[in-house]
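Trainee: 3D, please:
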Amino acid sequence: MRWGRAGEQIKLLNGNTVTVDDKVGVIADEVQVESLAGIMGGDATAVSDDTRNIYIEAAFWWPTSVAGRSRRYNFSTDAGHRFERGVDPQQTVAHIERITQLVIDICGTADTACGPIDDQQVKMPERAPVTLRVARAVKVIGMALTQERMAQALRGLGLPVTEGEGTLTVTPPSYRFDLQIEEDLIEEIARMVGYEQLPTTPPNAPITARLRAEASRSPYAVRRQLAGLGYQETINYSFVEERWERELAGNADPIRLLNPIASQMSVMRSSLLGNLLQVVKFNTDRKATRVRVFEVGRVFRKDASVKGSDETVEGFDQPMRIAGMAYGPAQPLQWGVKEQAVDFYDIKADVQALMAPAELSFEPAAHPGMHPGRCARVLLGERVIGHVGELHPRWRQAWDLPQAPVMFELALDAVLQRTVPSFQNVSRFQAVERDIAVIVNESVTHAALMQAIHEAPTQGLLRDALLFDVYRPKQAVAGLSEGEKSLAVRLTLNSDDATLTDAQIESAMQAIVAQLTRDVGARLRG
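Mentor: The predicted model follows:
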């Protein structure tokens, strides 16, 4: 019996060949390693139908010399499970006798002969006495127990107890590895007395309710809102495939696990999209035609700027995210609406509903997991809080999906913030609506158009602007050149002070048209 040496290898009974080092105990002869101590025997020790002579060996292994060793090789054994928790070293001889008896009873013949037992006891565990203070036990348990009652509880467990002045001393037997400190004895007493006998003592410390700020909402409220939009919540592992991180999050250097529970769960996720895509794939493989799922969870990224504290780990950022994914028809099957696949604008509307009444803006963007032409970043004010878009065609094909799901991922802290409603007077005067149609270049976006309209100097008369028509001729027509489009916008004007006059209306309209001409090169359509 010795510690392994770097580079030594052994083929085990399960067929695996492993390499040991100086942290793993082995049983070896002068030529080779034969077994992993307390874990598994080597292939050289296997028994076959041709075996005639066997050598039965049983040993006591210190728990610290076995604990965690089998998991280093990604397997576990009954032997390792038992030895790393501690076994009774005084029962080793009795165990060998029992094993021998079973061999004789099951496999023995008239010619079977048994050799002598060679019992070697080297560096056996020495159990140190543990002293319990009665006053300390009363304080920890929270129940007035006498020394006599405590001694009775410990003796009921078969423990030798020596009583002193206000103390009880126990020398743990060889099979009680768990009795090492005073608190271990206190736990045994509480267990024997009965947890149901412990008195209920209310805390004396003052309790101050933590009130949520009115300008924020709880994650539970966000979950309820998404459920109301037709999504179902999923809860997934934070451990994901490295391929997901590379393909869907563009993360070439994810946080790797030292001891993954499975080969396909070897890194920490930096995005929730991979988990949701796996859920969609799982359901579509089982003939689900419409899937809408979301998750609220933590992601993990390397960030050297993060300092260690009670709530953070140095060098690692762990923000909370919320993500959703929709696949299949936009609406459940029904007679009133024609079936239509979910698209970018459906999920964009869900994101806007989730963030209401906050005003979001969307800008074309690139995301490693999303379609290059059907992806936008989501801005709350000047801050980018996430992305929304359709799954990249390359990954849709790789995941073998009949159609591309549409997804979003947002920073949870931004989603939890909300604007506190404030009172505003309703105008007593009738609003005025005017429609204008302008011709712009095909590259002009809706956001640029609306920004120009709202920046026009209308003296506060402009209350709303709504794009209600887009016209793109199939071929050049009078007034529209190739690469141009016509946008029709409905403008709402009003004043809190008086009914608008024709002069005020005309001035506001001219200001808006002039602003559109300057900012986006628009001209009125004839």
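
Trainee: Now do the contacts for the nearest residue to residue 201 once chain neighbours are set aside.
Mentor: Excluding its sequence neighbours, the residue lying closest to residue 201 (C-beta to C-beta, 6 or more residues apart in numbering) is residue 142, at 5.9 Å. Heads up, the C-betas are built off the backbone N, CA and C, glycines and all. By C-beta atoms under 8 Å, 6 or more residues apart in numbering, the contact list for residue 142 reads 198, 199, 201.

Trainee: From residue 186, how far out is residue 142?
Mentor: The gap separating residue 142 from residue 186 is 11 Å, by C-beta to C-beta, to the nearest Å.

Trainee: can you count the residues close to residue 250?
Mentor: 13 (other C-beta atoms under 10 Å).

Trainee: That one reaches residue 368, doesn't it?
Mentor: Yes - using C-beta atoms under 8 Å, residue 250 is in contact with residue 368, at 3.5 Å.

Trainee: Wait, residue 42 touches residue 11, no?
Mentor: Yes - counting by C-beta under 8 Å, residue 11 is a contact partner of residue 42 at 6.3 Å.

Trainee: Please say which of these two ends up with more neighbours.
Mentor: residue 42 (20 against 15).

Trainee: what is that one paired to in the beta sheet?
Mentor: Beta bridges link residue 42 to residue 12 when assigned by DSSP bridges.

Trainee: For it, give me its contacts.
Mentor: Residue 42 neighbours (C-beta under 8 Å, 6+ apart): 10, 11, 12, 13, 33, 34, 35, 36.

Trainee: hmm, try it at 7 Å
Mentor: Applying C-beta atoms under 7 Å, 6 or more residues apart in numbering to residue 42 gives the contacts 10, 11, 12, 33, 34, 35.

Trainee: Let me know the closest of those residues to residue 444.
Mentor: Closest to residue 444 out of the contacts of residue 42 is residue 12 (69.6 Å), distances taken as C-beta to C-beta.

Trainee: measure that closest one to residue 20 for me?
Mentor: Relative to residue 20, and taking C-beta to C-beta, residue 12 is found at 11 Å.

Trainee: same thing with residue 385?
Mentor: Following C-beta to C-beta, the distance that separates residue 385 from residue 20 is 51 Å.

Trainee: Verify the contact between residue 490 and residue 432 for me.
Mentor: No - between residue 490 and residue 432 there is no contact under C-beta atoms under 7 Å: 11.1 Å.

Trainee: Looking at those two now, which is surrounded by more residues?
Mentor: Neighbours per residue, other C-beta under 10 Å: of residue 490 and residue 432, the larger number sits with residue 432, 18 against 14.

Trainee: show me what contacts the more buried one?
Mentor: Counting by C-beta under 7 Å, 6+ apart, the residues that residue 432 touches are 493, 494, 500, 505.

Trainee: How much space separates it from residue 495?
Mentor: 9 Å.

Trainee: what about the helices in the stretch 401-526 of the chain?
Mentor: Applying DSSP state H, counting those that start in this stretch to the stretch 401-526 of the chain gives helices spanning 412-416, 446-454, 502-520.

Trainee: ok, how many other residues are close to residue 367?
Mentor: Using other C-beta under 10 Å, residue 367 is surrounded by 22 other residues.

Trainee: and what of residue 504?
Mentor: Quick note: residue 504 (other C-beta under 10 Å) scores 17 neighbours.

Trainee: how many neighbours does the closest residue to it other than its chain neighbours have?
Mentor: Leaving aside its sequence neighbours, residue 504 sits nearest to residue 461 (C-beta to C-beta, 6+ apart; 6.6 Å). Look at residue 461: counted by other C-beta under 10 Å, it has 22 neighbours.

Trainee: ok, residue 461 touching residue 492?
Mentor: No - at 9.4 Å, residue 461 does not count as touching residue 492 under the criterion of C-beta under 7 Å.

Trainee: Common neighbours of those two, please.
Mentor: With C-beta under 7 Å, 6+ apart, residue 461 and residue 492 have no common neighbours.

Trainee: that older thread, so which of the contacts of residue 142 sit within helices?
Mentor: Among the contacts of residue 142, the subset assigned to helices under DSSP state H is empty.

Trainee: most surrounded residue in these?
Mentor: residue 198 leads the contacts of residue 142 on contacts (other C-beta under 10 Å) with 12 neighbours.

Trainee: roughly how far apart are the residue nearest to residue 504 and residue 424?
Mentor: 16 Å.

Trainee: What of residue 144?
Mentor: 65 Å.

Trainee: go on, residue 227?
Mentor: 31 Å.

Trainee: Check the contacts of residue 42 against residue 92 and report the nearest one.
Mentor: Nearest to residue 92, judged by C-beta to C-beta, of these is residue 35 at 16.2 Å.

Trainee: in which helix or strand would I find the closest one?
Mentor: strand 33-36 (DSSP states H and E).

Trainee: Okay, strands next: where are they in the stretch 101-250 of the chain?
Mentor: 130-133, 161-163, 167-170, 232-233, 239-240 (DSSP state E, counting those that start in this stretch).

Trainee: Turn these into CSV, columns for distance to residue 449 and mean pLDDT.
Mentor: CSV is the format used below for the strands of the stretch 101-250 of the chain (distance: least, C-beta to C-beta, whole Å; pLDDT from 0 to 100):
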stretch, distance to residue 449, mean pLDDT
strand 130-133, 80, 93
strand 161-163, 87, 92
strand 167-170, 83, 92
strand 232-233, 37, 96
strand 239-240, 41, 93
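
Trainee: Adding distance to residue 255 and mean neighbour count, write these out as CSV.
Mentor: What follows is the strands of the stretch 101-250 of the chain, written out as CSV (distance: least, C-beta to C-beta, whole Å; neighbours: other C-beta atoms under 10 Å):
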stretch, distance to residue 255, mean neighbour count
strand 130-133, 42, 18
strand 161-163, 51, 14
strand 167-170, 46, 19
strand 232-233, 25, 12
strand 239-240, 10, 20
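
Trainee: which stretch among these comes nearest residue 468?
Mentor: Closest to residue 468 of these, according to C-beta to C-beta: strand 232-233, at 34.2 Å.

Trainee: Helix, strand, or coil at residue 332?
Mentor: Classification of residue 332 by DSSP: H, G, I helix; E, B strand; the rest coil places it in coil.

Trainee: I'd like to know which elements the helix or strand of the chain with the lowest mean pLDDT is packed against.
Mentor: In the chain, no helix or strand scores lower on mean pLDDT, DSSP states H and E than helix 69-72, which sits at a mean of 78. Here helix 69-72 touches no other helix or strand, going by 3 or more C-beta pairs under 7 Å, 6 or more residues apart in numbering; DSSP states H and E.

Trainee: any idea which helix or strand comes after that helix?
Mentor: helix 78-83.

Trainee: which outside residues touch that next one?
Mentor: Against helix 78-83 from outside (C-beta under 7 Å, 6+ apart): 38, 39, 40, 61, 63, 66, 69, 70.

Trainee: Only the buried residues of it, if you could.
Mentor: 79, 80, 83 (16 or more other C-beta atoms under 10 Å).

Trainee: and what of stretch 86-94?
Mentor: Here stretch 86-94 shows 86, 87, 89, 92 as buried, counting by 16+ other C-beta under 10 Å.

Trainee: what mean pLDDT does it have?
Mentor: Average pLDDT, stretch 86-94: 84.

Trainee: Compute the first-to-last residue distance for it.
Mentor: One end of stretch 86-94 sits 17 Å from the other (C-alpha to C-alpha, to the nearest Å).

Trainee: quick one: contacts of it?
Mentor: 58, 59, 60, 63, 117, 119, 124, 125, 174, 175, 177.

Trainee: measure the fifth one to residue 21 for me?
Mentor: In this structure, residue 117 and residue 21 are 33 Å apart, going by C-beta to C-beta.

Trainee: Ok, the first one next?
Mentor: Spatial separation of residue 58 from residue 21 under the definition C-beta to C-beta is 26 Å.

Trainee: cool, residue 504 as well?
Mentor: From residue 504 to residue 21 the distance is 86 Å (C-beta to C-beta).

Trainee: just residue 122 next, same as before
Mentor: With distances taken as C-beta to C-beta, residue 122 is found 23 Å from residue 21.
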